[in-house]
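Engineer: this one's structure only:
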């Protein structure tokens with residue numbers, strides 16, 4: 001195990017982010033687990049914490065099989081090779097995409113009281129999760145953030161991820177911080193001693209504490 005829990009992961013991750021380069025930044029964390037990690041970075045950088053909520057898109061006959069991901073502004077990405085194998089098109093998934101966008105809106109309001117963001121014009125954006133596997137949800141979040149805020153600088157910070165995924169995501173951002181890129185990677189949780197699911201209540205409390 002590399003991390004005791006998400007707090008430990010966030011504290012270790014925060015140590016490799018140069019504080020002097022992020023004095024005008026906002027941390028956008030991916031619920032739920034990414035919010036615990038992001039909170040430690042926000043505290044260290046004395047930056048506000050906010051949320052960005054991507055959702056996976058499941059196959060029509062197998063919702064647990066992720067064929068892509070979507071973010072709150074409708075930015076969607078798909079695993080094209082998997083779509084081809086399943087004989088699906090993006091149009092076939094339109095209803096599922098709209099369903100996930102509605103769920104994102106519901107969660108934004110539930111966690112934050114509103115789905116509207118404050119002005120982050122001119123701020124550097126740090127997108128944080130508790131780890132990446134395929135990277136589809138994170139990639140959707142990054143592209144959405146670019147469209148919504150047009151930040152001068154966008155950074156991805158994650159404690160752990162497989163080397164190929166991290167390398168692919170590096171092309172989406174200006175900077176990427178990742179503590180570990182293990183070759184043997186099955187799931188994010190294998191690198192945590194405690195990977196208990198973060199609750200909605202924890203997300204709400206951390207956002208209230210650190211959002212301004």
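Structural biologist: All right, it came through fine. Just so we're clear, the structure is a prediction, and the values are computed from it rather than from any experiment. Numbers count the residues shown, from 1 in each chain.
Engineer: A strand includes residue 50, no?
Structural biologist: Yes: assessed by DSSP: H, G, I helix; E, B strand; the rest coil, residue 50 belongs to a strand.
Engineer: Run through the bridge partners of the spatially closest residue to it that is not a sequence neighbour.
Structural biologist: For residue 50, ignoring the flanking residues on the chain, the nearest one in space by C-beta to C-beta, 6 or more residues apart in numbering is residue 28 at 5.3 Å. Just so you know, the C-beta spots here come from the backbone N, C-alpha and C atoms, and that holds for glycine as well. Residue 28 has the following beta-bridge partners by DSSP bridges: residue 50, residue 127.
Engineer: okay, now residue 28: neighbour count?
Structural biologist: Neighbours of residue 28 under the rule other C-beta atoms under 10 Å: 29.
Engineer: what separates it from residue 63, distance-wise?
Structural biologist: 26 Å (C-beta to C-beta, to the nearest Å).
Engineer: picking up where we left off before, thought the residue nearest to residue 50 was touching residue 128?
Structural biologist: Yes: at 7.1 Å, residue 28 and residue 128 qualify as touching, with contact defined as C-beta atoms under 8 Å.
Engineer: which residues are in contact with both of the two?
Structural biologist: Common contacts of residue 28 and residue 128 (C-beta atoms under 8 Å, 6 or more residues apart in numbering): residue 38.
Engineer: So which residues of the protein form helices?
Structural biologist: For the chain, applying DSSP state H gives helices covering 6-15, 33-45, 80-86, 94-112, 136-149, 163-170, 200-210.
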